[in-house]
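In: okay, predicted coordinates and the sequence, questions at the end:
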Amino acid sequence: MTDNKSYSTQRMQMEESNLTKVLKGFYEGSLLISTPSILDPRFRRTVIYMLSHNKKGAMGLIINKPLKELDFQELVTGKISNNKKGRVGQTVLFGGPVEFKRGFLLHSSEYNIPGKTLKLDGNFNLTNDTKALLDICEGKGPISSIFTLGYAGWSAGQLEREILEDSWLVAKAKHSIIFGKNYSEKYGSSLSSIGITKGYLASESGRA
C-alpha cells in the first residue's frame, strides 16, 4: 500500500511530467508507459518507443511483449532453429496492432545499410530490410536490437489527448531498457526511471 504522502508526491510528479511534455510538443524518441486507465488488453502494462510524432499523428513500437509462439530464425529463413529464441537469441515482439505482418528492426547505431537504415533520435537506428535480419541469424547484425511485428499508431492530436488524460507516462529512452532481454522487468524499470512505482499506479487505479 502507498502512504498518503508518497501517493501525493508521485501524483504531483506524474502530472507535472505529463504537462511539461505536452507543452514542449512532440514525443519522438521518448518512451511511453501505459497506466491502469488503459483498458485495451493489447496495451496493458506496455512500454512503447516512439519512432515518430508530428502534427499528423504518431507511431511507436511496443518493446516488452514477446510473441513466444514465434521463432525469429524460422520466421526469417524458413528453417527451424535449435532453440526457442533462434540461434542468436533474438525474440520476436508484438510491436502493436497496426500492420501486424510488417516487421521492424530497432537497433544500435553502429549497424547501417546504406539507403535502408533510418537514423533516429538518441543513437537508435531503424532498418526494414531482409538483409539485416539475415545478418542477425548469421551473427553479423547490430550489437543490440529488438524485432517487432506491427506498430502502435495514433491519429493527429490523439496521443496528446491521451497523455493529458493520464493514459500514458513519458520517459527518456534508455538503451538498457529498450534492448534489455528481461521483458517482464521493462515496465517496472521504465516507471522507476521517472520516480514512479508500480504500487503507486495500483493505488491510482483504485482511486479512479
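Out: Noted; the coordinates are in hand. All values reported here derive from a predicted model rather than from experimental measurement.

In: can you pull out the low-pLDDT segments for this structure?
Out: 1-25, 80-88, 199-208 (pLDDT under 70).

In: which stretches of it form helices?
Out: For the chain, applying DSSP state H gives helices covering 4-24, 72-77, 130-137, 158-164, 175-178, 186-192, 198-207.

In: buried set for the second one?
Out: By neighbour count, and taking 16 or more other CB atoms under 10 Å as the criterion, the buried residues in helix 72-77 are Phe72, Gln73, Leu75, Val76, Thr77. For every residue, glycine as well, the C-beta is placed using N, CA and C.

In: which one of the residues you listed is nearest Pro97?
Out: The shortest approach to Pro97 among the buried residues of helix 72-77 belongs to Leu75, at 18.4 Å (CB to CB).

In: wait, the closest one sits on Val92?
Out: Yes - with contact defined as CB atoms under 8 Å, Leu75 and Val92 form a contacting pair (6.3 Å).

In: near Val92, how many other residues are there?
Out: If you count neighbours by other CB atoms under 10 Å, Val92 ends up with 23.

In: same question, Leu159
Out: Going by other CB under 10 Å, the residues that sit close to Leu159 add up to 24.

In: skipping adjacent residues, who's closest to it in space?
Out: Ala58 (4.5 Å; CB to CB, 6 or more residues apart in numbering).

In: alright, calling it a day.
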